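*Asks:* I'll drop the sequence and a predicted model, then ask my questions.
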Amino acid sequence: QDLPDSAFVSLETLRRLRIGSSNSLRIIVVSHAWLTPWHPDPHGDNLCLLSIALRMIVDDRHDSADAPDELQTYAVMIDFC
């Protein structure tokens, strides 16, 4: 993929995360149909909605009573089918 390095989770980061702990990696997968034959989201409308939904998930998890104040790590994979 033609993405910046910051778009990827390094192996070092993955190794630091503990399975089942509060700072484990949370993976969110979105499957999205192409809206036109030439582009999956030509005006970015669905990307805007997705960013709002992801922000709500992150904020809700961070604000929940049982969530620690430590940094939460999320990975998002978008599959355009």
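*Replies:* That came through, no problem. Numbers count the residues shown, from 1 in each chain.
*Asks:* Could you list the low-pLDDT ranges of the protein?
*Replies:* 1, 20-23, 61-71 (pLDDT under 70).
*Asks:* hey, where'd the strands end up in it?
*Replies:* Applying DSSP state E to the chain gives strands spanning 25-32, 73-80.
*Asks:* what residues does the first one touch?
*Replies:* Put plainly, it is strand 25-32. 9, 14, 17, 40-41, 46, 50, 54, 57, 61, 72-81 (CB atoms under 8 Å, 6 or more residues apart in numbering). From N, CA and C alone the C-beta is placed, and that goes for glycine too.
*Asks:* Indicate each strand paired with it and its parallel or antiparallel sense.
*Replies:* strand 73-80 (parallel) (DSSP bridges).
*Asks:* Chain neighbours aside, what residue packs nearest to residue 47?
*Replies:* Nearest residue to residue 47, sequence neighbours excluded (CB to CB, 6 or more residues apart in numbering): residue 41, at 5.4 Å.
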